[in-house]
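Participant: Quick one, structure for this:
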Amino acid sequence: MSALRAVVFDTDGVLLDSARLHAAAWKTAFDSCLDAWASSGKGRQPPFDADREYRQWVDGKPRLDGAASFLNARGIDLPTGSPDSAPGADTVWAVAARKESEFVRTLEAGTVEAFADVAPALARLRAHGVGRAAVSASRHARPLLGSASLLGFFDVVVDGTDAARLGLAGKPDPSLFLEAAARLGVEPARCVVVEDALAGVEAGRRGHFGLVVGLDRTTSPTTARALRDRGAGLVAAELLAVADTVSGAGP
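Facilitator: Okay, here's the model as predicted:
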């Protein structure tokens with residue numbers, strides 16, 4: 001592991017305890033859409049599973065991609081709509097807008113905390129001269145990292161605002177991670193990607209990064225197996241173990 005010079009971290013679910021808030025916002029948006037679909041006479045379906053289906057279809061993806069992925073999986077054929085669609089259930093963009101509205105409302109009601117292992121792990125990496133980048137498909141990443149007092153730990157942040165400005169594809173495309181590596185000035189083969197989302201792990205594999213770590217805070221054998229199947233070379237339960245591995249203090 002001595003050749004590894006930088007770590008690129010996903011944000012939601014890896015650095016910040018925000019994945020559950022995203023999942024809850026998606027549940028509100030999708031369940032409303034499923035109710036509207038049933039009311040139109042096209043058949044009632046089970047509610048959105050904020051654990052299994054969130055991980056399988058939505059986690060780590062840009063909003064529009066996540067909405068389309070789940071709706072396609074359920075066989076719900078909605079027109080795409082446009083980015084200025086009001087929150088609702090009649091187009092894919094409207095469903096994505098409903099999710100965004102719910103997520104912003106949740107953020108306004110309280111703060112998002114960093115996981116307890118994050119600051120110590122980042123400090124350990126910094127002490128060993130390892131470059132650090134945070135990546136997120138969300139436009140909220142920078143302010144949330146700032147409110148959690150984490151921005152100062154990172155050399156680079158690439159978020160949804162950057163993705164829109166640069167035309168970067170969302171995960172499982174590796175573009176966000178590759179942009180972070182380029183800004184760090186480190187070749188992907190000498191970078192680690194740390195992800196909890198299946199789409200993110202797949203993006204790390206597609207980008208030919210030196211090590212792809214699947215972070216499994218659930219410690220579920222099923223989750224760990226799914227992360228490995230998508231391309232994780234290592235599955236870890238917390239970030240200090242990742243920091244030790246990269247800095248040469250771990251196995």
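Participant: List the residues that contact residue 57.
Facilitator: By C-beta atoms under 8 Å, 6 or more residues apart in numbering, the residues touching residue 57 are 66, 69-70, 73. Quick note: C-beta positions are derived from backbone N, CA and C, even for glycine.
Participant: where does it fall, phi/psi-wise?
Facilitator: Main-chain torsions, residue 57, degrees, to the nearest 10: phi -110, psi -20.
Participant: In PyMOL, how would I select the buried members of the contacts of residue 57?
Facilitator: Buried residues within the contacts of residue 57, by 16 or more other C-beta atoms under 10 Å, are selected in PyMOL with:
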select buried, resi 66+69+70
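Participant: Export the contacts of residue 57 as a markdown table, with columns for pLDDT and distance to residue 16.
Facilitator: Below are those laid out as a markdown table (pLDDT from 0 to 100; distance: C-beta to C-beta, whole Å):
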| residue | pLDDT | distance to residue 16 |
| --- | --- | --- |
| 66 | 94 | 18 |
| 69 | 96 | 22 |
| 70 | 97 | 22 |
| 73 | 97 | 26 |
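Participant: my guess is residue 86 contacts residue 94, does it?
Facilitator: Yes - with contact defined as C-beta atoms under 8 Å, residue 86 reaches residue 94; the gap is 6.5 Å.
Participant: Look at those two and report which has more neighbours.
Facilitator: Neighbours were counted for residue 86 and for residue 94 using other C-beta atoms under 10 Å; residue 94 has more, 23 against 12.
Participant: Can you tell me the element that one falls in?
Facilitator: Using DSSP states H and E, the element containing residue 94 is helix 92-109.
Participant: Point out the other helices and strands that the next helix or strand after that helix packs with.
Facilitator: Downstream of helix 92-109, the next assigned helix or strand under DSSP H and E is helix 118-127. Secondary structure elements in contact with helix 118-127, counted by 3 or more C-beta pairs under 8 Å, 6 or more residues apart in numbering; DSSP states H and E, are strand 131-135, helix 239-247.
Participant: what's the angle from helix 118-127 to helix 239-247?
Facilitator: 10 degrees (axes from the mean of the first three to the mean of the last three C-alpha atoms, to 10 degrees).
Participant: Could you export helix 118-127 as CSV, CA atoms only?
Facilitator: C-alpha atoms of helix 118-127 as CSV (Å, rounded to 0.1, in the frame of the first residue of the first chain):
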residue,chain,number,x,y,z
VAL,A,118,-14.0,10.9,10.3
ALA,A,119,-12.0,13.7,11.8
PRO,A,120,-9.4,11.3,13.5
ALA,A,121,-9.0,9.4,10.2
LEU,A,122,-8.5,12.5,8.2
ALA,A,123,-6.1,13.9,10.7
ARG,A,124,-4.1,10.7,10.6
LEU,A,125,-3.9,10.8,6.8
ARG,A,126,-2.9,14.4,6.8
ALA,A,127,-0.1,13.7,9.3
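Participant: which parts of it are buried?
Facilitator: Quick answer for helix 118-127 (16+ other C-beta under 10 Å): 118-119, 121-122, 124-126.
Participant: so how far is it off the chain centroid?
Facilitator: 20 Å (C-alpha atoms, centre = their mean, to the nearest Å).
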